[in-house]
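*Asks:* take this sequence and fold it.
(2 chains)
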Amino acid sequence: MGNFILRNIAKFVLLMIAVSMVTFVLVSISPVDPVQANVGQTAYINMSEAKRAQLAEYWGVNTPLWERYANWFGDLLHGDLGTSLRFNAPVADVIATRAVNSLALMATAWVVSGVLGFALGVLAGANRGRIVDRVVKGYCFLLASVPTFWLGLVFLIVFSVWLGWFPFGFSVPIGVSAADVTLADALHHLALPALTLSVVGVANIALHTREKTIDVLESDYVRFARARGLSTWGALRHHGLRNLALPALTLQFASISEIFGGSVLVEQVFSYPGLGQAAVTAGLGGDVALLAGIALFSAAFVFGGNLIANMLYGVVDPRIRKGEAHA
Amino acid sequence: MEDRTRMQDESQALRAAELDAVSEALLAAHDHERTSHADAQKHHHHTHAPVSHHEHGHHLLQVEDLSVGFRMYEEDAPFFRARQRVVEVIHRLSISVHVGEIVAVVGASGSGKTLLADAILGLFEPNATACGRIWYDGELQDAASLAERRGNGISLVPQSVNHLDPLMKVGRQVEGFARADVPHAERARHRERLFARYGLSEDAADLYPHQLSGGMARRVLLCCALMDDPRLIIADEPTPGLDLDLAVRALGDFRDFADAGGGVLLITHDIELALRVADRVAVFKDGTVVEETAVANFASPDTLEHPFSRELWHALPEHDFAVPPASPCEGDGGAQSLGQS
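*Replies:* The predicted model follows:
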């Protein structure tokens, strides 16, 4: 067990170093000039050469990449993620406020897509070849091939423009002071982006669960359970769900990365002020500190998801638990 | 032909347990009751063993003219032009099990014997078509009533521990879920009695299937079947993977069950073992039973009727291991794989 923890900590540290290095290198290669991007086009043109040089010096444009990285990394070890150029605030604060919005969005989408996808997958698998199966399968294939941002736009057109059920964007109503925003308002703004994200996430889980359900139904143990008098649904309930839950859970935790990726697009379409949107802003603005911070945060998040999936294996499957005890 | 009943897709009730068939069945049972036949006398396509007897004047299980086929696409035709055709795996098979006896169905591995078990249990793949007549305890069955018999009169003893849910403790699985009317505490007591009888400790109930030894797994699977107090046990290859000692003990358990008034249909590829424990042997070849005869008739090839049964006799190790020259291909496929165990 101690071995397991140590190994995962080592993996985590290596992952963080790799992710931050890649971010720094990519930003340094990027053609975006942080000075130009941050002071704005007009201001940049009107600025004197000396002023530009001063700003460049202030922002460390001419400092070599490795020196910048070493500085940043040294500060990181003291818990300082640096200051965001675009938001003019400590990176940690920016990520904290944005993360609350994003996590609410992602958690909703994650739970809805997981539960709905699992249910649809079992339903389709148990009715293989029948009309229910065809409908579910068709729906999944369609969704799997639809780009997230396009679906977001369609939802905006249908539900916000035509039907007027949901707001057009943002996480709170416009023109209302932050203190007056109610939970209902927040949920109202969350609904449509969350719906978009979950609808797209369903396809993957449902198709995998369907395949697995078919395997389970054809397994010897379900045949034997039925030979002992259980109906197909009874066998599925008593013996199937347990065996289906394992791959579904793993997939679900592994899909956190996909939800994260999807949330970037969805937040952009819905102007939802979350991490994804902040990442886009940081990337376009050459805001390396914020971008690295977000990259670290999301990598840690996905790492956590995969780690949980690994540990759940052990909880659900006695064969793996046993194997670990021997190791 | 018109009295052929079709069992198609078990969810569908047998379309027509046609009146003809039912009255014929009654008539047959009645006729049978009046017939007093000597042990070796042939009737209903089979000869009796000393223990075979007709309780209430009928067989415990009687299968007549059972055919099972699968609808599938032609394999060698081009993808878009492939037509569906029915591949018949079991043809007009007849077999009977009496109270108090073990009937061994002996045939080569992979020749469709398991399908026979599936058909009797009413477990069909969606693309399967089955026709024929099956009587259980004197009553003509259809797909729906066969499904009701599962775990409620007819129980299966499967081949290996793979037939247990890998993620559930053995004790809970033996207790089973099908009988919602019996309280769980009562089932647990029943399971404890069975475990005690078959020398399984209470600790075994807390194990997962992958933790069982071969001998324990065999007893656990038997307990699964006995939990439901069956009258007929269908044992589908229950001995592979067991050493001879365990296999003999396994079959001894079936003997006890039969002696206590049950019937056992033992499906196996191991003819030596079958001859040791069974009362009658049904020789299974090419999807049908070519001969159903008392074990005693295997004493000499002269008392065996079908050429294939005689080939089997000759292929036994204690005889001459001979592969008959007449039909080398057939002899190769059938007899050799049967001789070894």
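*Asks:* where do the helices sit along the stretch 201-327 of chain A?
*Replies:* A:220-227, A:232-235, A:241-254, A:256-269, A:275-284, A:288-316, A:318-326 (DSSP state H, counting those that start in this stretch).
*Asks:* can you say which of those is nearest to B:L222?
*Replies:* Nearest of the helices of the stretch 201-327 of chain A to B:L222, taken as C-beta to C-beta: helix A:220-227 at 12.7 Å. The C-beta positions use only the backbone N, C-alpha and C, and glycine is treated the same way.
*Asks:* and that closest one, how far out from the chain middle?
*Replies:* Centre-to-centre, helix A:220-227 and its host chain are 39 Å apart (C-alpha atoms, centre = their mean, to the nearest Å).
*Asks:* could you do stretch B:142-160 as well?
*Replies:* Distance of stretch B:142-160 from its chain centroid, counting by C-alpha atoms, centre = their mean, is 11 Å.
*Asks:* that one and chain A in contact?
*Replies:* Yes. For stretch B:142-160 and chain A, the contact criterion (C-beta under 8 Å from any C-beta of the partner chain) is met by B:150-152, B:155-156, B:158, B:160.
*Asks:* let me have these in JSON lines, extended by secondary structure and distance to A:G164.
*Replies:* As requested, the residues of stretch B:142-160 next to chain A are exported to JSON lines (DSSP: H, G, I helix; E, B strand; the rest coil; distance: C-beta to C-beta, whole Å):
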{"residue": "B:R150", "secondary structure": "strand", "distance to A:G164": "56"}
{"residue": "B:G151", "secondary structure": "coil", "distance to A:G164": "57"}
{"residue": "B:N152", "secondary structure": "coil", "distance to A:G164": "59"}
{"residue": "B:S155", "secondary structure": "strand", "distance to A:G164": "62"}
{"residue": "B:L156", "secondary structure": "strand", "distance to A:G164": "61"}
{"residue": "B:P158", "secondary structure": "coil", "distance to A:G164": "60"}
{"residue": "B:S160", "secondary structure": "coil", "distance to A:G164": "62"}
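*Asks:* with distance to A:S102 and neighbour count added, can I get those in CSV?
*Replies:* Formatted as CSV, the residues of stretch B:142-160 next to chain A follow (distance: C-beta to C-beta, whole Å; neighbours: other C-beta atoms under 10 Å in any protein chain shown):
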residue, distance to A:S102, neighbour count
B:R150, 52, 25
B:G151, 52, 25
B:N152, 55, 16
B:S155, 56, 26
B:L156, 53, 30
B:P158, 51, 24
B:S160, 50, 18
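*Asks:* which one among those residues gets closest to chain A?
*Replies:* Ranked by distance to chain A (C-beta to the nearest C-beta), the residues of stretch B:142-160 next to chain A are led by B:G151 at 3.0 Å.
*Asks:* would you confirm that that closest one contacts A:A227?
*Replies:* Yes. Using C-beta atoms under 8 Å, B:G151 makes contact with A:A227 at a distance of 7.1 Å.
*Asks:* minimum distance to chain B, which residue of the stretch 201-327 of chain A gives it?
*Replies:* A:G229 (3.0 Å).
*Asks:* residues near that residue, how many?
*Replies:* If you count neighbours by other C-beta atoms under 10 Å in any protein chain shown, A:G229 ends up with 23.
*Asks:* quick check: phi and psi at the closest residue to it other than its chain neighbours.
*Replies:* The shortest distance from A:G229 to any non-neighbouring residue, by C-beta to C-beta, 6 or more residues apart in numbering or on different chains, is to B:G151 (3.0 Å). Backbone torsions of B:G151, given as degrees, to the nearest 10, read phi 70, psi 10.
*Asks:* over to B:L140?
*Replies:* Dihedral angles of B:L140 (phi, psi; degrees, to the nearest 10) stand at phi -70, psi 130.
*Asks:* show the pLDDT at A:R98.
*Replies:* pLDDT, A:R98: 85.
*Asks:* any idea where the strands of the stretch 151-300 of chain B begin and end?
*Replies:* For the stretch 151-300 of chain B, the strands defined by DSSP state E, counting those that start in this stretch occupy B:154-157, B:232-236, B:263-268, B:280-285, B:288-294.
*Asks:* from the stretch 1-150 of chain A, which residue is nearest to chain B?
*Replies:* A:G129 (6.8 Å).
*Asks:* any idea how many residues pack against that residue?
*Replies:* Around A:G129 there are 11 residues (other C-beta under 10 Å).
*Asks:* quick one, phi/psi of it?
*Replies:* Main-chain dihedrals, A:G129, degrees, to the nearest 10: phi 80, psi -20.
*Asks:* separation between it and A:T97?
*Replies:* Per C-beta to C-beta, to the nearest Å, A:G129 is found 50 Å from A:T97.
*Asks:* who touches the residue nearest to A:G229 in this structure?
*Replies:* By C-beta atoms under 8 Å, 6 or more residues apart in numbering or on different chains, the contact set of B:G151 is A:227-230, B:176, B:178-179, B:228, B:230.
*Asks:* point out where chain A drops to low pLDDT.
*Replies:* A:1, A:34-41, A:59-61, A:170-172, A:174-180, A:320-327 (pLDDT under 70).
*Asks:* can you rerun that using 90?
*Replies:* A:1-8, A:16-17, A:19-110, A:113, A:126-130, A:142-205, A:217-221, A:223-327 (pLDDT under 90).
*Asks:* how does it divide into domains?
*Replies:* Following automatic domain parsing, one finds the domains of chain A at A:2-77, A:94-326.
*Asks:* looking at those domains, which is buried most?
*Replies:* domain A:94-326 (a mean of 19; mean count of other C-beta atoms under 10 Å in any protein chain shown).
*Asks:* ok so, going back, for the residue nearest to A:G229, give me the pLDDT.
*Replies:* What the model reports as pLDDT for B:G151 is 83.
*Asks:* before we move on, what about B:Q340?
*Replies:* Per-residue pLDDT puts B:Q340 at 38.
*Asks:* chain A contacts on chain B?
*Replies:* Neighbours of chain A within chain B, by C-beta under 8 Å from any C-beta: B:121, B:123, B:126, B:150-152, B:155-156, B:158, B:160, B:162-168, B:176-179, B:208, B:210-211, B:224, B:228.
*Asks:* so among the residues you listed, which ones count as buried?
*Replies:* Buried subset of those (neighbour count, 16 or more other C-beta atoms under 10 Å in any protein chain shown): B:121, B:123, B:150-152, B:155-156, B:158, B:160, B:163-168, B:176-179, B:208, B:211, B:224, B:228.
*Asks:* report the contact partners of the residue nearest to A:C140 when sequence neighbours are not counted.
*Replies:* Spatial nearest neighbour of A:C140, excluding adjacent residues (C-beta to C-beta, 6+ apart): A:A203 at 4.2 Å. Taking C-beta under 8 Å, 6+ apart, we find A:A203 in contact with A:117, A:139-141, A:143-144.
*Asks:* nearest residue to the residue nearest the centre of chain A in space, please, no chain neighbours.
*Replies:* Taking C-alpha atoms, centre = their mean as the criterion, A:F260 is the residue nearest the geometric centre of chain A, at 1.5 Å. Nearest residue to A:F260, sequence neighbours excluded (C-beta to C-beta, 6+ apart): A:S298, at 5.5 Å.
*Asks:* hang on, isn't that neighbour packed against A:G276?
*Replies:* No. Using C-beta under 8 Å, A:S298 is not in contact with A:G276, being 9.0 Å away.
*Asks:* joint contacts of these two?
*Replies:* A:F260.
*Asks:* for the residue nearest to A:F260, give me its contacts.
*Replies:* Contacts for A:S298 (C-beta under 8 Å, 6+ apart) come out as A:260, A:275, A:279.
*Asks:* cool, thanks, talk later.
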